[in-house]
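Engineer: can't give you the sequence, but here's the structure:
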């Protein structure tokens, strides 16, 4: 489009300025938090404000892991492990279960198909906060409060509908002739799936998995009510530990924020191409 | 029955069985429990009250409470303002980036930046930036000589609401920008050229060709956003937790306060149902627009 439009130089500069300003607004807040994580506390609190750090430090990270004598450590390492275990397990199960569901919707005609699909999607619209109320009551009676399994189950239920939606789209894009040809050549439907359709859908499945992982990794509303102690508390819930006191530990919180953002950053970077393709094609051509 | 399960017609149902089981156990059954509780005087501190039937009293009390209506109105207003602002800014950003010929990929990566942030992190980030003593915003305004006294962004009711909307828009404008950019890139070139040859001005081209083509993309973005609009709870929880004096209270924060802090689970679940219906209403509205737009496009092709 841009090749055809004839822009005057001032228009071109205006566009560049607009893009520059927007990108600055998108980047600066996050970058400022990351920078804070590596700054000394005196500098963060300094009046007048110190804009250019004199010295960068890893003290804040050592502090939140309890490696310094001066600061009381929080069980951040344990929170990290909890988050990882809960997110990975719920993702693996949700992908397996969701893939089966997505395949069923993409390849079969059956009674109640539309209603079932709608049901799955509607289950996704229930706000986490609202769902946390009855889950809190039920999980307390079942002894699932403050357990990793309790959280894994909850995150599975959030991720399954979304995985079904995405994989349904991916399987639809694969021509059905391919698996039919394999079946004519003597494969069973099961073999045809694993040898033909699964390898073709693998990239899509990987991005669905990263989506699911990030949803669990970043979730707060449910985790904040259903976890209590180091037994199952996740990183986003742990972040609130810093605000329980009268003074907010900005440096410590920023360090923890960096720990939460790094895995998300890496994974989103890997998946970014599929992210857009998956969302638009799943939606427009579905 | 066993014969049915071995027949080929059963395959899709068997494939869907685990998914159905999980949704039943973790979403549907809890929702029924929630519905039941909303008709009881259940108080967390008195377990026996779970079976104390009070009929519609919770709903009556919720609907008669001015706190609830303030929170409800504020939530609807918040969703409406946030979604529309995100759409406008996202569309603007997509149109701008689409005009840039080099480095578009890098720009797209930068646009994804806010999407990686957990809502609780976005909340923390803006709680820090808008902090009156150490925040970036006040520091910058102060050093530029624009203010002499620190502005209490998160304490003043109007500014606190502004800060929350700002955080929400920062977090989600990218969703629109990225999807609409994908739409712009898929836009066929011929109609654009034809229109220009016929003497249409840029606004007419945008209004009659680009925008109609983008509509399905807009509705996808709107549907995705209304699905997870309640994520704003995390953000508000850490930024103001409904304060000052309840001036940023949304339905979601009011609900958790009633349920967990005041232990009035019955009341909280009644509010929960209102919030669920609200979310479903927004999602269904945009989803129907999407299917309409899709059939329209399908017919044109």
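Structural biologist: All right, it came through fine. Quick caveat, the model's predicted, so the values are computed rather than measured.

Engineer: residues touching the one residue in the stretch 201-301 of chain B that gets nearest to chain A, list them.
Structural biologist: Relative to chain A, the nearest point of the stretch 201-301 of chain B is residue B:230 (3.2 Å; Cβ to the nearest Cβ). Where you see a C-beta, it was placed from the backbone N, CA and C, and this is true even at glycine. If a contact means Cβ atoms under 8 Å, 6 or more residues apart in numbering or on different chains, then residue B:230 has A:127, A:128, A:129, A:130, A:221, B:252, B:275, B:279 as its contacts.

Engineer: Report the residue ranges of every domain in the chain.
Structural biologist: Just so you know, I chose chain A. Following automatic domain parsing, one finds the domains of chain A at A:9-64, A:76-284.

Engineer: think we crossed wires, I meant chain B
Structural biologist: If you go by automatic domain parsing, the domain ranges for chain B are B:1-29, B:65-300.

Engineer: out of those, deepest packed?
Structural biologist: Across these, averaging neighbours per residue (mean count of other Cβ atoms under 10 Å in any protein chain shown) puts domain B:65-300 on top, at a mean of 19.

Engineer: And it, how far out from the chain middle?
Structural biologist: 7 Å (Cα atoms, centre = their mean, to the nearest Å).

Engineer: What average pLDDT does it get?
Structural biologist: Across domain B:65-300, the average pLDDT comes to 89.

Engineer: Tell me which other helices or strands the helix or strand containing residue B:164 touches.
Structural biologist: If you go by DSSP states H and E, residue B:164 is part of helix B:157-186. Taking 3 or more Cβ pairs under 8 Å, 6 or more residues apart in numbering or on different chains; DSSP states H and E as contact, the helices and strands that helix B:157-186 lies on are helix A:9-37, helix A:250-284, helix B:66-99, helix B:104-112, helix B:119-129, helix B:211-227, helix B:232-239.

Engineer: after it, next one along is what?
Structural biologist: Using DSSP H and E, the helix or strand that follows helix B:157-186 in sequence is helix B:189-197.

Engineer: which ones are touching residue A:212?
Structural biologist: Here residue A:212 is in contact with A:90, A:91, A:94, A:95, A:98, A:155, A:159, A:162, A:163 (criterion: Cβ under 8 Å, 6+ apart).

Engineer: Please disregard the earlier target; I meant residue A:43.
Structural biologist: Applying Cβ under 8 Å, 6+ apart, we find residue A:43 in contact with A:50, A:53, A:54.

Engineer: Format the domains of chain A as CSV; extra columns: mean pLDDT.
Structural biologist: As requested, the domains of chain A are exported to CSV (pLDDT from 0 to 100):
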stretch, mean pLDDT
domain A:9-64, 89
domain A:76-284, 88
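
Engineer: ranking those by burial, who's on top?
Structural biologist: domain A:76-284 (a mean of 20).

Engineer: tell me which of the contacts of residue B:230 is nearest to residue B:141?
Structural biologist: Nearest to residue B:141 among the contacts of residue B:230 is residue B:252, at 31.2 Å by Cβ to Cβ.

Engineer: three-state assignment of residue 131?
Structural biologist: Chain wasn't specified; assuming chain A. Assigned by DSSP: H, G, I helix; E, B strand; the rest coil, the conformation of residue A:131 is helix.

Engineer: oops, I was thinking of chain B
Structural biologist: Here residue B:131 is coil, with the state taken from three-state DSSP.

Engineer: Likewise for the one 3 residues further on?
Structural biologist: Local secondary structure at residue B:134 is given as coil here, using three-state DSSP.

Engineer: Now do the helices in chain A.
Structural biologist: Under the criterion DSSP state H, helices of chain A are mapped to A:9-37, A:41-45, A:59-64, A:76-107, A:113-125, A:128-142, A:148-173, A:176-184, A:189-192, A:198-218, A:221-226, A:235-239, A:250-284.

Engineer: Where does the stretch 1-150 of chain A get nearest to chain B, residue-wise?
Structural biologist: Counting by Cβ to the nearest Cβ, the stretch 1-150 of chain A gets nearest to chain B through residue A:127 (3.2 Å).

Engineer: how about the closest residue to that residue other than its chain neighbours, phi and psi?
Structural biologist: Spatial nearest neighbour of residue A:127, chain neighbours left out: residue B:230 (3.2 Å); criterion: Cβ to Cβ, 6 or more residues apart in numbering or on different chains. Main-chain torsions, residue B:230, degrees, to the nearest 10: phi -70, psi -10.

Engineer: Can you tell me which of the contacts of residue A:43 lies closest to residue B:8?
Structural biologist: Residue B:8 lies nearest to residue A:53 out of these, by Cβ to Cβ, at 67.2 Å.

Engineer: hang on, that closest one packs against residue A:35?
Structural biologist: Yes - assessed by Cβ atoms under 8 Å, residue A:53 is found in contact with residue A:35 at 7.0 Å.

Engineer: Could you look up the SS state of residue B:145?
Structural biologist: Per three-state DSSP, residue B:145 ends up coil.

Engineer: now swap in the one 5 residues further on and tell me
Structural biologist: Assigned by three-state DSSP, the conformation of residue B:150 is coil.

Engineer: how near is it to residue A:252?
Structural biologist: 23 Å (Cβ to Cβ, to the nearest Å).

Engineer: and the helix holding residue B:164 with helix B:119-129, angle?
Structural biologist: Computed with axes from the mean of the first three to the mean of the last three Cα atoms, to 10 degrees, the direction of helix B:157-186 lies at 130 degrees from that of helix B:119-129.

Engineer: Any chance you could list what contacts stretch B:8-16?
Structural biologist: The contact list for stretch B:8-16 (Cβ under 8 Å, 6+ apart) reads A:100, A:101, A:103, A:104, A:105, A:108, A:110, A:113, A:116, B:4, B:5.

Engineer: now do 6 Å
Structural biologist: A:100, A:101, A:104, A:108, A:110, B:4 (Cβ atoms under 6 Å, 6 or more residues apart in numbering or on different chains).

Engineer: can you pull the contacts of the residue of chain B most remote from its centre?
Structural biologist: Most distant from the centre of chain B: residue B:3, at 45.9 Å, with distances by Cα atoms, centre = their mean. Contact partners of residue B:3, counting by Cβ under 6 Å, 6+ apart, are absent.
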